[in-house]
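Asks: all I have is the shape, not the residue letters:
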């Protein structure tokens, strides 16, 4: 195991600023041990009322943090991909119906939306071409005016727009779509608003994050990953529904074999995970978050998330300072959460292939120093897609000194590139 771990990406390391950093709380390992040893069945409330009730309590607490009303609900999933899939199915059943023509059902997301959304759309029985991509502004945020135009164009063509999937922190650049404006469009056009907050949603726990994510409470559903912003091990996603009484909307098959446990006598807070998702057999995920919250309280989570926002701002300021001293660093946008996209500037007349090759070598030079590890993405420019570095600050183990190391390594790599 040790050799295998050494040969893998060190996602829990403080200098790991690639992709979306992982957490890995020890308390969650204890929770998993307890849950696995007891091995109680938690797909249906009546089979383990106290345990499912505990999970529902955690979901209610999370829903309140997002600004949802007391009757909100949801479920824990393996990650944001399945949470978004469940939300799309719920929206499809409410806005299109089981007898509706799925060939006419249309959804919308930005050109920067996560790749899993297209997969979830297709798994829900909807044609890939019916997921429209909507243009973004210079800060990589979905444009509400273009959304409204496309919805009305599709309606005029006899199609049935039913869902908008907005981002509360895109993976590429950390962009937050203009949530209040998009909520207004959805209310006006009678569309389900789902917000993909898999990466960024947890920032509602701190004051500054809540300010940046204003409007998220107006969504019909929210996906977010505690295994990202709440530092839990991988495999802990979450779907929240503003209307907690809503089920997945898919009629169950013959489940007469469950008649002895499904009494139908439900009390408030007694929703079953199977009401909102397809899993009947499932791991007991609720304890993964409940135990760290009980041991540490919510305060350390709030403080860590506020610190990550401050560290991303510090990284951005440091890159600006390097650029002001003559280094050829180009910053795409100020961080909206904790992703700070930047790259080497383009030389006059340089072909995009050469520009991308220089930035790929720049990334290698930074990472080879062994103090921080960054990853890249592609950002659109006039003549193609530009190789772009995208450090993401999220691990609770990352602190100011690690950002200082990153800036020093960027400075040395940029100087070496200039002198080459």
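Replies: Structure received. What you see is a predicted model; the values in this text were computed from it and never measured.
Asks: residues in contact with the closest residue to residue 341 other than its chain neighbours?
Replies: Nearest residue to residue 341, sequence neighbours excluded (CB to CB, 6 or more residues apart in numbering): residue 332, at 4.2 Å. In this view, the C-beta of every residue, glycine as well, is placed from N, C-alpha and C. Counting by CB atoms under 8 Å, 6 or more residues apart in numbering, residue 332 touches 140, 173, 341-343, 379, 388.
Asks: then residue 196?
Replies: 80, 84, 113-114, 117, 165-168, 223.
Asks: do residue 59 as well
Replies: Per CB under 8 Å, 6+ apart, neighbours of residue 59: 73-76, 238, 240, 286.
Asks: circling back: what is the nearest of the contacts of residue 196 to residue 18?
Replies: Each of the contacts of residue 196 was scored against residue 18 by CB to CB, and residue 114 proved nearest at 16.5 Å.
Asks: wait, doesn't the closest one sit right on residue 171?
Replies: Yes - between residue 114 and residue 171 there is a contact under CB atoms under 8 Å: 5.7 Å.
Asks: ok so, going back, let's have the contacts of residue 332 in JSON lines, adding secondary structure.
Replies: Below are those laid out as JSON lines (DSSP: H, G, I helix; E, B strand; the rest coil):
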{"residue": "140", "secondary structure": "coil"}
{"residue": "173", "secondary structure": "coil"}
{"residue": "341", "secondary structure": "coil"}
{"residue": "342", "secondary structure": "strand"}
{"residue": "343", "secondary structure": "strand"}
{"residue": "379", "secondary structure": "strand"}
{"residue": "388", "secondary structure": "strand"}
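Asks: save the residues you listed as TSV, and put in neighbour count too.
Replies: Listed next are these as TSV, based on neighbours: other CB atoms under 10 Å:
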residue	neighbour count
140	23
173	25
341	23
342	24
343	23
379	18
388	22
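Asks: picking that back up, from residue 162, how far out is the residue nearest to residue 341?
Replies: From residue 332 across to residue 162, the span is 33 Å (CB to CB, to the nearest Å).
Asks: counting contacts, what elements does the strand or helix carrying residue 74 pack onto?
Replies: Here residue 74, judged by DSSP states H and E, is contained in strand 73-77. With contacts defined as 3 or more CB pairs under 8 Å, 6 or more residues apart in numbering; DSSP states H and E, the secondary structure elements packing on strand 73-77 are helix 49-65, helix 80-95, strand 237-241, helix 273-276, helix 286-296.
Asks: name the stretch among those that sits most buried.
Replies: strand 237-241 (a mean of 27; mean count of other CB atoms under 10 Å).
Asks: ranges for the strands of this structure?
Replies: Secondary structure of the chain by DSSP state E: the strands cover 73-77, 105-110, 131-134, 160-167, 192-196, 221-224, 237-241, 329-331, 342-344, 376-381, 384-389.
Asks: deepest of those, which one?
Replies: Ranked by average neighbour count under the criterion mean count of other CB under 10 Å, the strands of the chain are headed by strand 221-224 at a mean of 30.
Asks: may I have the strands that pair with that one, each with its orientation?
Replies: Its sheet considered, strand 221-224 pairs with strand 192-196 (parallel), strand 237-241 (antiparallel) by DSSP bridges.
Asks: let me have those strands in a markdown table, extended by mean pLDDT and distance to residue 28.
Replies: Below are the strands paired with strand 221-224 laid out as a markdown table (pLDDT from 0 to 100; distance: least, CB to CB, whole Å):
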| stretch | mean pLDDT | distance to residue 28 |
| --- | --- | --- |
| strand 192-196 | 98 | 23 |
| strand 237-241 | 97 | 14 |
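Asks: can you put those in JSON lines and add distance to residue 126?
Replies: Shown next, in JSON lines, are the strands paired with strand 221-224 (distance: least, CB to CB, whole Å):
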{"stretch": "strand 192-196", "distance to residue 126": "13"}
{"stretch": "strand 237-241", "distance to residue 126": "18"}
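Asks: nearest to residue 328, of these?
Replies: strand 192-196 (33.9 Å).
Asks: next, the angle from that closest one to strand 105-110.
Replies: Per axes from the mean of the first three to the mean of the last three CA atoms, to 10 degrees, the angle that strand 192-196 makes with strand 105-110 is 40 degrees.
Asks: just checking the distance from strand 192-196 to the centre of its chain.
Replies: How far strand 192-196 lies from its chain's middle: 12 Å, per CA atoms, centre = their mean, to the nearest Å.
Asks: next one: stretch 132-141
Replies: Offset of stretch 132-141 from its chain centre (CA atoms, centre = their mean): 17 Å.
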